[in-house]
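Chemist: what follows is a predicted structure for the sequence shown.
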Amino acid sequence: MIYWQYFKGIVLLSVGIGVLLTAIFGMAWGFLFFVTLAPIGAHLLHGQFRPNERIFYLNAGISSWKLMCGSLLIQLIISVPVFLLLIGFYSMFFGGF
């Protein structure tokens, strides 16, 4: 449950990084970067912008590594179905991937 709370704190950073990478590298590579690099970048930026929150999680006994792995897992679980829906809509309206 605490991983979900942390994920809600970094999701906007992660989406922003993912959209930027998708615009630069295209949809397929953008999705791969969105699932892997965006949460890592958001984790690093979150530590810079909100260091007191990071200390809270450390005091609760959750390491930075566990937070990053938990957020990567949640990002993967959420983004794969969303990506498949977007690909379906894209192929319906524009034809092909």
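Modeler: On my side now, so go ahead. Numbering: from 1, shown residues only.
Chemist: list of residues touching stretch 3-10?
Modeler: Here stretch 3-10 makes contact (Cβ atoms under 8 Å, 6 or more residues apart in numbering) with 39, 42-43, 45-46, 50, 53, 57, 66-67, 70-71, 73-75. To be clear about C-beta, it is placed using only N, CA and C from the backbone, and glycine gets the same treatment.
Chemist: how about those residues, which pair is most distant?
Modeler: The most widely separated members of the contacts of stretch 3-10, counting by Cβ to Cβ, are 50 and 73 (21.1 Å).
Chemist: quick one: buried ones out of the contacts of stretch 3-10?
Modeler: 39, 42-43, 46, 57, 67, 70-71, 74-75 (16 or more other Cβ atoms under 10 Å).
Chemist: save the residues you listed as a markdown table, and put in distance to residue 8 too.
Modeler: Shown next, in a markdown table, are these (distance: Cβ to Cβ, whole Å):
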| residue | distance to residue 8 |
| --- | --- |
| 39 | 13 |
| 42 | 12 |
| 43 | 13 |
| 46 | 11 |
| 57 | 13 |
| 67 | 12 |
| 70 | 12 |
| 71 | 10 |
| 74 | 9 |
| 75 | 12 |
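Chemist: thanks a lot, catch you later.
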